[in-house]
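J.: dropping a prediction and its sequence here:
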Amino acid sequence: MAVVVGLLTLGFLAVQTVAARQQAEEAANQVAAARLDGLYQQLLRWDEFRSLGENKDLNLLMTKGLKSFDDIKDPEQREQLRSAQVWFLDYFSYVYSTLPGLSKCAPKDGHLVLRGSREDTGACDEWVAWSQTMHVAFTDELTCQVLNDYEDLYEKKFVDAIRGSHACPAPA
């Protein structure tokens, strides 16, 4: 009888362990989803800042397609725009370093997978979407200039991923 009670107890504990493991996994997935949503919300705030911010002159400069910060005559506006671009670079550096922990489908070497590429087929949609977003962001000449100016401050893997997508060539 003691053996039967012991076996039933072990069976009960096994079931409880499996249930606890499933609950922990579900909670981790919910936290990851919330963090991903937070990353996306910051990107929406950036877009809003670019188009609707309080400083209309600065916003016009951001959407003007400037080739260099030197094209901005007002030193205060030039510094404001550079600061905004550094924030944008910091944001994408954070996104790049955070995504592999939230989405288990990032390539081990961290390269960006662009839509329409050979790798796109069968790749994780989430990684492809963020890869495409980062690639497009760094095709902007001012964003690329900031990356080139501050490259040494950022993780080499991040810089290599941007360079590897051909969005922002290394300075000559």
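T.: Okay, I see it. Residues are numbered from 1 along each chain as shown.
J.: tell me which residues touch A161, please.
T.: Y96, G110, H111, L112, M134 (C-beta atoms under 8 Å, 6 or more residues apart in numbering). In this view, the C-beta of every residue, glycine as well, is placed from N, C-alpha and C.
J.: does the last one touch F92 like I think?
T.: Yes: counting by C-beta atoms under 8 Å, M134 sits close enough to F92 to count as a contact (5.5 Å).
J.: of the contacts of A161, which is the most crowded?
T.: In terms of neighbours by other C-beta atoms under 10 Å, the contacts of A161 top out with L112 at 26 neighbours.
J.: and after the helix-or-strand element of the chain with minimal mean pLDDT, which helix or strand comes next?
T.: Each helix and strand of the chain was given a mean pLDDT (mean pLDDT, DSSP states H and E); the minimum falls on helix 56-62 at a mean of 55. Next in sequence after helix 56-62, counting helices and strands by DSSP states H and E, comes helix 75-102.
J.: now do the buried residues in that following helix.
T.: Neighbour-count burial for helix 75-102 flags 77-78, 80-82, 84-86, 88-89, 91-93, 95-96, 99, 102 (criterion: 16 or more other C-beta atoms under 10 Å).
J.: same thing with stretch 146-153?
T.: V146, L147, E151.
J.: show residues contacting it.
T.: R82, Q85, V86, F88, L89, F138, Y154, V159, I162, C168, A170, P171.
J.: could you find the closest non-adjacent residue to the fifth one?
T.: Of all residues not flanking L89 in the chain, V146 sits nearest, at 5.2 Å (C-beta to C-beta, 6 or more residues apart in numbering).
J.: which strand or helix spans the one you found?
T.: Assigned by DSSP H and E, V146 falls in helix 141-150.
J.: send over that helix as CSV, restricted to the C-alpha atoms.
T.: C-alpha atoms of helix 141-150 as CSV (Å, rounded to 0.1, in the frame of the first residue of the first chain):
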residue,chain,number,x,y,z
GLU,A,141,22.4,59.4,-45.2
LEU,A,142,22.4,61.3,-41.9
THR,A,143,21.7,58.1,-39.9
CYS,A,144,24.6,56.5,-41.8
GLN,A,145,26.8,59.5,-41.1
VAL,A,146,26.1,59.2,-37.3
LEU,A,147,26.9,55.5,-37.4
ASN,A,148,30.2,56.2,-39.2
ASP,A,149,31.0,59.0,-36.8
TYR,A,150,30.3,56.9,-33.6
